[in-house]
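**Q** Sequence and predicted structure are below.
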Amino acid sequence: MVLESHLEGFAEEERGMGTIVPATQEVWWQGALFRIKGRTAETAGAIGLAEANFWAGMGPPLHTHHREDEAFYILEGKIRFRRGEEEFTAGAGEFVFGPREIPHSFKVLEDGTRALVLLTPGGMEQMFIEGGVPVRDAANPPPREYDVDHVLALAKKYGWEVVGPPLS
């Protein structure tokens, strides 16, 4: 099994076996509510997992991850994606995989979208925590804007780079 071979050599406690992950950490990332569900610290570096409540129109610039693959499982709503030269829309119940070194971007459609964001190996979920704002009142979001300068300041540290504009 792939997971077993990846975790070979880790003691049972390092594999997260029998470990309950600490309470979800909530942050506002670029005006969107992110609930960090799984961290690299609890998965022996294997994954990072966030539940994201994206606002309509939200989308990062075209970018490339150098360290991790990124995947989205859409729970509600729709997102238009660009992966390499391909553009497509995914909706509730669909899974989108973005391999590292392939430029990608997305734009949230309609009334916003709720999705699980999976990063493997883990680590980049810490960027959302470090660059986000702790949630004090989930009913009172900060301004809904994508601050590219703020994100660029974190990009090098977390192993990715902007390679083009956001989707229009």
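**A** Yep, that arrived.
**Q** Nearest residue to the residue most central in space within the chain in space, ignoring adjacent ones along the chain?
**A** In the chain, the C-alpha closest to the average C-alpha coordinate belongs to residue 117, at a distance of 4.2 Å (C-alpha atoms, centre = their mean). Leaving out its chain neighbours, the residue that sits closest to residue 117 by C-beta to C-beta, 6 or more residues apart in numbering is residue 50, at 4.7 Å. Heads up, the C-betas are built off the backbone N, CA and C, glycines and all.
**Q** what does the strand or helix carrying the one you found rub up against?
**A** Secondary-structure assignment from DSSP states H and E places residue 50 in strand 48-54. Counting by C-beta atoms under 8 Å, 6 or more residues apart in numbering, the neighbours of strand 48-54 from elsewhere in the structure are 24, 29, 32-40, 68, 75, 77, 79, 108, 112-120, 122-126, 128.
**Q** for it, the distance to its chain's centre please.
**A** 6 Å (C-alpha atoms, centre = their mean, to the nearest Å).
**Q** Strand partners (parallel or antiparallel) of it?
**A** Each strand that pairs with strand 48-54, with its direction, by DSSP bridges: strand 32-38 (antiparallel), strand 113-120 (antiparallel).
**Q** immediately after it, which helix or strand?
**A** Using DSSP H and E, the next helix or strand after strand 48-54 towards the C-terminus is strand 61-65.
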